[in-house]
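Enquirer: no FASTA, just this:
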């Protein structure tokens with residue numbers, strides 16, 4: 001990691017002995033040279049120490065290094081004993097890591113630099129982290145996501161269930177739905193692992209996990225009113241996290257598909273049952289899954305807009321899941337937990353959606369998302385999707 005030292009001749013500090021590159025005098029020509037030098041290093045500048053007791057000099061440097069996209073993660077340490085310069089450390093305008101006296105011993109300066117390097121490393125990310133918290137994509141998604149959340153009061157009194165209107169199939173698929181929704185835990189675990197170097201999508205994934213957990217809960221509560229208990233073993237069978245993916249954009253695309261398919265499934269079940277309360281529950285869950293798919297799409301598009309590689313991997317993932325739905329609509333839970341009892345429930349649900357019309361309705365939103373993602377309005381099936389993938393390779 002490169003540590004740069006910008007200094008005024010009037011300030012003598014032992015910090016300069018810690019710098020592995022030449023120092024730059026705090027004059028306009030040297031500052032320009034410094035910025036060009038850092039730029040040529042692909043912004044590989046971890047720490048900048050600015051040693052000066054002249055406020056205008058320090059501000060000149062701070063303005064120069066605020067070049068957009070140049071030093072987003074770089075940490076700045078001020079070396080000064082001037083009160084006005086030191087006050088910049090508390091300024092909202094400048095993101096100053098620390099302020100130390102020019103008289104500070106070298107061992108203490110080493111500790112300050114060590115913390116700054118740790119901070120720099122923490123801020124390194126393959127994701128597009130905006131400088132200000134509310135400028136990140138999570139905040140854009142949060143408002144509409146929060147406003148469209150359903151309330152438990154919308155379900156009504158579960159004690160009023162009319163069991164005479166339920167079929168054996170309704171009850172079986174209700175139980176299977178409750179079981180499958182337990183895959184939320186490993187899913188949340190996976191998101192936090194795969195997005196461990198950012199905070200936006202990770203934060204939203206906690207909201208997603210909380211909502212998905214309600215899906216298992218509300219269906220289990222309904223079953224309990226019928227005298228049927230969902231065993232805890234199903235949650236434990238699917239608790240172990242699965243392997244982290246190679247490309248976050250591909251993971252997001254897989255979830256766009258799984259959520260849209262889940263939305264279609266719950267919507268179909270809501271149409272087929274005659275019991276009013278269950279119809280209401282499945283409609284709410286369908287709405288949830290659709291909201292989740294749209295949010296996953298927003299985060300996926302953000303990554304795809306940043307990188308052609310991300311786009312290609314997302315499209316490849318879409319092709320994998322769309323290519324064969326002839327034996328029911330596939331869902332990731334059936335792939336990632338093949339050795340647990342729970343996937344039997346996944347297979348039951350997949351087999352419940354086997355008609356061509358059902359599959360087409362389920363994936364219509366997926367193809368619409370792919371068209372919006374790529375700008376290619378010709379993507380209507382796996383053949384045209386494959387052509388788009390080939391064109392981007």
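Expert: Cool, got the structure. This one's a predicted model, so the numbers in the text were calculated from it and none came from an experiment.

Enquirer: who's in contact with residue 274?
Expert: The neighbours of residue 274, taking CB atoms under 8 Å, 6 or more residues apart in numbering as the test, are 165-166. Every C-beta, even on glycine, is put in place using the N, C-alpha and C of the backbone.

Enquirer: distance of it from residue 90?
Expert: The gap separating residue 274 from residue 90 is 66 Å, by CB to CB, to the nearest Å.

Enquirer: so what's residue 216 closest to, chain neighbours aside?
Expert: residue 181 (3.7 Å; CB to CB, 6 or more residues apart in numbering).

Enquirer: tell me how many other residues crowd residue 174.
Expert: 24 (other CB atoms under 10 Å).

Enquirer: mind checking which helix or strand of this structure has the lowest mean pLDDT?
Expert: strand 23-25 (a mean of 45; mean pLDDT, DSSP states H and E).

Enquirer: and the average pLDDT for the host helix or strand of residue 385 is what?
Expert: Assessed by DSSP states H and E, residue 385 sits inside helix 382-392. Taken as a whole, helix 382-392 has an average pLDDT of 95.

Enquirer: what's the distance between residue 271 and residue 264?
Expert: Look at residue 271 and residue 264: by CB to CB, they are 11 Å apart.

Enquirer: which of those two has more residues huddled nearby?
Expert: Regarding residue 271 and residue 264, a neighbour count based on other CB under 10 Å identifies residue 264 as having more, with 24 against 11.

Enquirer: isn't that one up against residue 361?
Expert: Yes - using CB atoms under 8 Å, residue 264 is in contact with residue 361, at 5.7 Å.

Enquirer: overlap of the contact sets of these two?
Expert: Common neighbours of residue 264 and residue 361, using CB under 8 Å, 6+ apart, do not exist here.

Enquirer: hmm, residue 184 and residue 206 touching each other?
Expert: No - counting by CB under 8 Å, residue 206 does not reach residue 184; the two are 11.1 Å apart.

Enquirer: between the two, who's got more neighbours?
Expert: residue 184 (21 against 12).

Enquirer: and stretch 52-66, which residues are buried?
Expert: Across stretch 52-66, burial judged by 16 or more other CB atoms under 10 Å covers 52-54, 57-62, 64-65.

Enquirer: then stretch 241-252?
Expert: Under 16+ other CB under 10 Å, the buried positions of stretch 241-252 are 241-242, 245, 247-252.

Enquirer: so which two of those are the farthest from each other?
Expert: Greatest spatial distance in the buried residues of stretch 241-252: 241 and 249, 19.7 Å, computed using CB to CB.

Enquirer: which parts of the protein are strands?
Expert: 2-7, 23-25, 45-51, 75-79, 96-100 (DSSP state E).

Enquirer: comparing those strands by mean pLDDT, which bottoms out?
Expert: strand 23-25 (a mean of 45).

Enquirer: tell me the contacts of residue 235?
Expert: By CB under 8 Å, 6+ apart, the neighbours of residue 235 are 182, 185, 216.

Enquirer: mind listing what the first one touches?
Expert: Going back to what we said before, that points to residue 182. 216, 234-235, 237-238, 342.

Enquirer: now for these: which two are most distant?
Expert: The widest separation within the contacts of residue 182 (CB to CB) is 13.0 Å, between 216 and 237.

Enquirer: of these two, who's got more company?
Expert: Comparing residue 216 with residue 237 by neighbour count (other CB under 10 Å), the higher total belongs to residue 216, at 21 against 18.
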